[in-house]
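Asker: coords below, sequence missing:
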């Protein structure tokens, strides 16, 4: 019961900060990008993993081209990331300097790419962020005609360095508290 109350309070907080909480939403998608460029993400869908299983199935069925540079990320995905993060989404290539800790000494990207995989209908992106400790983020994008039609993200405390490890981890932990569901990416 205390976890349910905590979840409700966190959902309400995330809603006020990040987007719309609408558990009765009659849509298969949890993402809305309006004509004026505003992004609204249905945080309830992400925090409850409402769309995770269909995205995992899509990932399993597709062969991804794997990229190791940020230049390989398509502009429409970059635009979405910037839009959903208030206009700023900085990320370094693997092996490049990035802002690992809380103390900002120089102007560096806040994230470091692990890998980016892309097919005609789905993309998978993993990267690190710093702070008190280093954590890994997983982002899954459902794509139709260069438009993001569905989205899921989560944080993990594991090094998942390829598609197979990401899928295995998500399937094993999708219903566990240990999968850190987050919309703060």
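Answerer: Yep, that arrived. A quick note: this is a predicted structure, and the numbers were derived from the prediction, not measured.
Asker: Please make it C-alpha for all contacts and neighbour counts, starting now.
Answerer: Will do.
Asker: hey, where'd the helices end up in the chain?
Answerer: 2-18, 43-47, 52-61, 75-84, 163-173 (DSSP state H).
Asker: now the shortest one, how far from the chain's geometric center?
Answerer: Distance, stretch centre to chain centre, for helix 43-47: 11 Å (Cα atoms, centre = their mean, to the nearest Å).
Asker: That one - contacts with which helices or strands?
Answerer: helix 2-18, strand 147-156 (3 or more Cα pairs under 8 Å, 6 or more residues apart in numbering; DSSP states H and E).
Asker: what does the last one give?
Answerer: Using 3+ Cα pairs under 8 Å, 6+ apart as the contact criterion, the neighbours of helix 163-173 among helices and strands are helix 52-61.
Asker: if we can go back for a sec, just give me the lowest mean pLDDT stretch among the helices of the chain.
Answerer: Lowest mean pLDDT of those: helix 2-18, a mean of 36.
Asker: By mean pLDDT, flag the weakest helix or strand of the chain.
Answerer: helix 2-18 (a mean of 36; mean pLDDT, DSSP states H and E).
Asker: where in the protein is pLDDT low?
Answerer: 1-39, 177-185 (pLDDT under 70).
Asker: and residue 132, how many neighbours does it have?
Answerer: By other Cα atoms under 10 Å, the residues close to residue 132 number 10.
Asker: correction: residue 114
Answerer: 24.
Asker: What sits closest to it if chain neighbours are left out?
Answerer: residue 127 (4.7 Å; Cα to Cα, 6 or more residues apart in numbering).
Asker: just residue 46 next, same as before
Answerer: That would be residue 152: by Cα to Cα, 6+ apart, it lies 5.7 Å from residue 46.
Asker: Test of understanding: give the bridge partners of that neighbour.
Answerer: residue 140 (DSSP bridges).
Asker: so it makes contact with residue 53?
Answerer: No - judged on Cα atoms under 8 Å, residue 152 makes no contact with residue 53 at a distance of 10.2 Å.
Asker: which one of those two has more residues nearby?
Answerer: More crowded of residue 152 and residue 53, by other Cα under 10 Å: residue 152, with 26 against 13.
Asker: Contact partners for the more buried one?
Answerer: Applying Cα atoms under 8 Å, 6 or more residues apart in numbering to residue 152 gives the contacts 46, 49, 51-52, 139-141.
Asker: I'd like the distance between it and residue 52.
Answerer: 7 Å (Cα to Cα, to the nearest Å).
Asker: before we move on, what about residue 61?
Answerer: Counting by Cα to Cα, the gap between residue 61 and residue 52 amounts to 14 Å.
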